[in-house]
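Chemist: Task: produce atomic coordinates for the following.
(chains A and B)
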Amino acid sequence: MLLKRDIEDTSRLERVLKSGHFAFTAELGPPRGCNVEKVKKKIGYLKGKVDAVNITDNQTAIVRMSSLVVSSICLSEGLEPVYQMVCRDRNRLAMQADILGGYSMGIRTMLCLSGDHQSFGDHPQAKGVFDLDSIQLISMVKKMRDEGKFLSGADIDVPPKKLFIGAAANPFADPFEMRILRLAKKVKAGVDFIQTQCIFNMKKFKEWLKRVNDMGLTEKVYILAGITPLKSVGMARYMQTKVPGMDVPEELIKRLKGVGKEKAAEEGIKIACEQIEELKELKGVAGIHLMAIEWEHKVPEIAERAGLLPRPEV
Amino acid sequence: MIVVEKKPFEEIKKLVMPFKKVLVVGCGTCVAVCLSGGEKEAEILKNQLNLALGKEGYKFDHITLERQCDKEFLEELEDISKDYDAFLSMACGAGIQFLAEVYPEIPVLPAVNTNFIGVNKGVGWYEERCRACGNCVLGITGGICPVTMCAKSLFNGPCGGTNKGKCEVNENQPCAWYMIYERLSKQGRLEQILDIIPANDWKTQGPRTIIQPGYEKLYDNNSLNK
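Modeler: All right, here's what the predicted structure looks like:
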């Protein structure tokens, strides 16, 4: 499945952002098996509607088809992948090997994450690796790209020179101040773009963004604001109470409740579109990252209604 | 100290079954302090075993050594070792292994599971504090170990899962980086964690040996597993 992509080709997301377009990315969760058809179906929904799509890496610590391979399927189907890599499942040797392999297949965009703790997943007895943390991973990828060297210092024979490096930020987890310092550390480590945790509490996000702007960080890194459409009151309540680091204000839940069970999903999409409209106007927001969890087929509709289509040719 | 827990009695029973005469060997240091393998616990275990298996022709005695991680104290067993078919050690994993190394002819069995290096928070209450990673960063992290206290051993700040100051993995466990932030902030030393802590040098993968400066000459280079 080797892709005919030139070694000098750049990341599509990078080109979109650097040419000043408001970027739009989505997410694709790999299947719990070898169901390639399911992957292709999801790709079908997203192709042409997003600039790039995050391929999650054993998200929530549940075993799935490897993000590297699903990224490769995306490439051969003509959809630009954001190859996610978590620190939970690999040591520095495996990480560097996969980065080289991924780059050779045509991957140009990466997202470096710590990863959900293994105790949440389907193999809670597993040994979490965490040889590196997400910031050390960013530094390592940058070193591979810019210096052409492995973490050990040895030279790489044809380095991954055009990688575009991403990471996550959560403006809602505490301590608030530390969240800004941590973003600053990620920037220092060499991150090019950030995708935020799902934004429900817009007021708090704006506070965070103001601080990030004041520190001059938005001059150095592209921030893609994370949006998740709520499908139901149950989902909203679950995210509010059961997902650590998530901040779902009570007003949002009230609003979903107010329209009745049948219309809640539609209201959720409406809320997401309003949030996107609001985010477009904010200084320092360079794009949207839409996490429509197991709702990939709704992405084109949301993109259309939020005025994010057509996507630019770059 | 090194904190251990006694194995379930049924497991211990199964371990000792192949041997008729067994010496329960307590240890007078860490395991005594954490109420799992000192003189008192060794005597209780001996009595329990005699009660459970005595009628079937088994015989258990007990002794407590000052330390099982020290040859000098292990040598105390030299005269009586031949009287036993096996030793049932209540020391930590290091003590058990050293006992087995000094008496290679005699089967040595563990009566405890060795858990962690920890502190005594209250009577009978112990908490882990150190993973012996060999590369201490406590000087920059406000005296709170991110390797031990963070479920993901993160070196550069909290993950996105901090939940009202608690770890996402366990709501009773404070987030290590939340604590580090709070402490450094109160001490006016937050700038300490702005620098990136580089990838750790994990030296824990093979058995480690330390010879303190000045003692090198005492040991033949070939006998050291460096």
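
Chemist: what about whichever strand or helix holds residue A:85 and chain B, touching?
Modeler: In this structure, residue A:85 is located in strand A:81-86 according to DSSP states H and E. No - figure legend: strand A:81-86 not in contact with chain B (Cβ under 8 Å from any Cβ of the partner chain); closest approach 10.0 Å. Glycine gets a C-beta too; all of them are placed from N, C-alpha and C.

Chemist: Sort out which residues of that strand are buried, please.
Modeler: By neighbour count on 16 or more other Cβ atoms under 10 Å in any protein chain shown, the buried set for strand A:81-86 is A:81-86.

Chemist: Any chance of a markdown table for the residues you listed, columns pLDDT?
Modeler: Formatted as a markdown table, those follow (pLDDT from 0 to 100):
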| residue | pLDDT |
| --- | --- |
| A:81 | 98 |
| A:82 | 98 |
| A:83 | 98 |
| A:84 | 98 |
| A:85 | 98 |
| A:86 | 98 |
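
Chemist: In CSV, list these along with distance to residue A:10.
Modeler: Converted to CSV, the buried residues of strand A:81-86 look like this (distance: Cβ to Cβ, whole Å):
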residue, distance to residue A:10
A:81, 14
A:82, 14
A:83, 15
A:84, 19
A:85, 19
A:86, 25
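
Chemist: Closest to chain B out of these?
Modeler: residue A:86 (10.0 Å; Cβ to the nearest Cβ).

Chemist: can you pull up the bridge partners for that closest one?
Modeler: The partner list for residue A:86 in beta bridges (DSSP bridges) reads residue A:113.

Chemist: measure it to residue A:219 for me?
Modeler: Applying Cβ to Cβ, to the nearest Å, the value for residue A:86 to residue A:219 is 28 Å.

Chemist: likewise residue A:181?
Modeler: Between residue A:181 and residue A:219 the computed distance is 17 Å (Cβ to Cβ).

Chemist: quick one: what helix or strand has residue 140 in it?
Modeler: Since no chain was named, I'll use chain A. Following DSSP H and E, one finds residue A:140 within helix A:134-142.

Chemist: Ok, residue A:90 next?
Modeler: Here residue A:90 is covered by no helix or strand, with elements defined by DSSP H and E.

Chemist: can you count the residues close to residue 154?
Modeler: Picking chain A for this. Neighbours of residue A:154 under the rule other Cβ atoms under 10 Å in any protein chain shown: 8.

Chemist: not what I meant, chain B
Modeler: Close neighbours of residue B:154, defined as other Cβ under 10 Å, add up to 23.

Chemist: what's the burial count for the closest residue to it other than its chain neighbours?
Modeler: Spatially, and ignoring its direct neighbours in sequence, residue B:154 is nearest to residue A:133 (4.3 Å; Cβ to Cβ, 6 or more residues apart in numbering or on different chains). Neighbour count of residue A:133, defined by other Cβ under 10 Å: 27.

Chemist: Residue ranges in the chain under the pLDDT threshold?
Modeler: The chain I'm using is chain A. The model of chain A has pLDDT under 70 over residues A:1-4.

Chemist: hmm, I had chain B in mind actually
Modeler: In chain B, residues with pLDDT under 70: B:221-226.

Chemist: need the helices for it, in chain order.
Modeler: For chain B, applying DSSP state H gives helices covering B:9-16, B:30-33, B:39-53, B:71-74, B:93-102, B:146-149, B:176-186.

Chemist: Could you figure out how far the longest one is turned away from helix B:9-16?
Modeler: What it means is helix B:39-53. Here helix B:39-53 runs at an angle of 80 degrees relative to helix B:9-16 (axes from the mean of the first three to the mean of the last three Cα atoms, to 10 degrees).

Chemist: Spell out which parts of the stretch 1-150 of chain A neighbour chain B.
Modeler: With Cβ under 8 Å from any Cβ as the criterion, the stretch 1-150 of chain A meets chain B at residues A:87-88, A:92, A:114-117, A:119-120, A:128, A:130-136, A:139-140.

Chemist: pretty sure the residue nearest to residue B:154 contacts residue A:86?
Modeler: No - at 10.7 Å, residue A:133 does not count as touching residue A:86 under the criterion of Cβ atoms under 8 Å.

Chemist: helices and strands around the strand holding residue A:85, which ones?
Modeler: Under the contact definition 3 or more Cβ pairs under 8 Å, 6 or more residues apart in numbering or on different chains; DSSP states H and E, strand A:81-86 sits against strand A:52-55, helix A:67-77, helix A:92-105, strand A:109-113.

Chemist: how far does that strand sit from the chain's center?
Modeler: For strand A:81-86, the gap between its own C-alpha mean and the chain's C-alpha mean amounts to 8 Å (Cα atoms, centre = their mean, to the nearest Å).

Chemist: what comes into contact with it?
Modeler: Contacts of strand A:81-86 with the rest of the structure, by Cβ atoms under 8 Å, 6 or more residues apart in numbering or on different chains, involve A:13, A:25, A:52-58, A:67-68, A:70-72, A:74-75, A:95, A:98-99, A:102, A:107, A:109-116, A:137, A:166.

Chemist: Where does residue A:208 fall, secondary structure wise?
Modeler: helix A:202-214.

Chemist: Now that helix: buried residues?
Modeler: Of all the residues in helix A:202-214, those buried under the rule 16+ other Cβ under 10 Å are A:202, A:205, A:208-209, A:211-213.

Chemist: Show me which of these is closest to chain B.
Modeler: residue A:208 (12.8 Å).

Chemist: Go ahead and confirm residue A:111 touches residue A:52.
Modeler: No - using Cβ under 8 Å, residue A:111 is not in contact with residue A:52, being 10.0 Å away.

Chemist: quick one, what contacts the residue nearest to residue A:90 when sequence neighbours are not counted?
Modeler: For residue A:90, ignoring the flanking residues on the chain, the nearest one in space by Cβ to Cβ, 6+ apart is residue A:129 at 5.9 Å. When contacts are counted by Cβ under 8 Å, 6+ apart, residue A:129 touches A:87-91.

Chemist: do the same with residue A:295
Modeler: Applying Cβ under 8 Å, 6+ apart to residue A:295 gives the contacts A:229, A:231.

Chemist: Report the separation between it and residue A:52.
Modeler: 18 Å.

Chemist: How about residue A:164?
Modeler: For residue A:164, the distance to residue A:52 equals 9 Å [Cβ to Cβ].

Chemist: cool, residue A:198 as well?
Modeler: Taking Cβ to Cβ as the measure, residue A:198 falls 18 Å from residue A:52.

Chemist: rewinding a little: rebuild the helices of chain B as CSV, extending it with mean neighbour count.
Modeler: Formatted as CSV, these follow (neighbours: other Cβ atoms under 10 Å in any protein chain shown):
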stretch, mean neighbour count
helix B:9-16, 15
helix B:30-33, 22
helix B:39-53, 17
helix B:71-74, 16
helix B:93-102, 19
helix B:146-149, 22
helix B:176-186, 20
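
Chemist: Out of these, which gets nearest to chain A?
Modeler: Of all the helices of chain B, helix B:176-186 sits nearest to chain A, with 4.7 Å by Cβ to the nearest Cβ.

Chemist: what packs against that closest one?
Modeler: Helices and strands touching helix B:176-186, by 3+ Cβ pairs under 8 Å, 6+ apart, are helix A:176-189, helix B:146-149.
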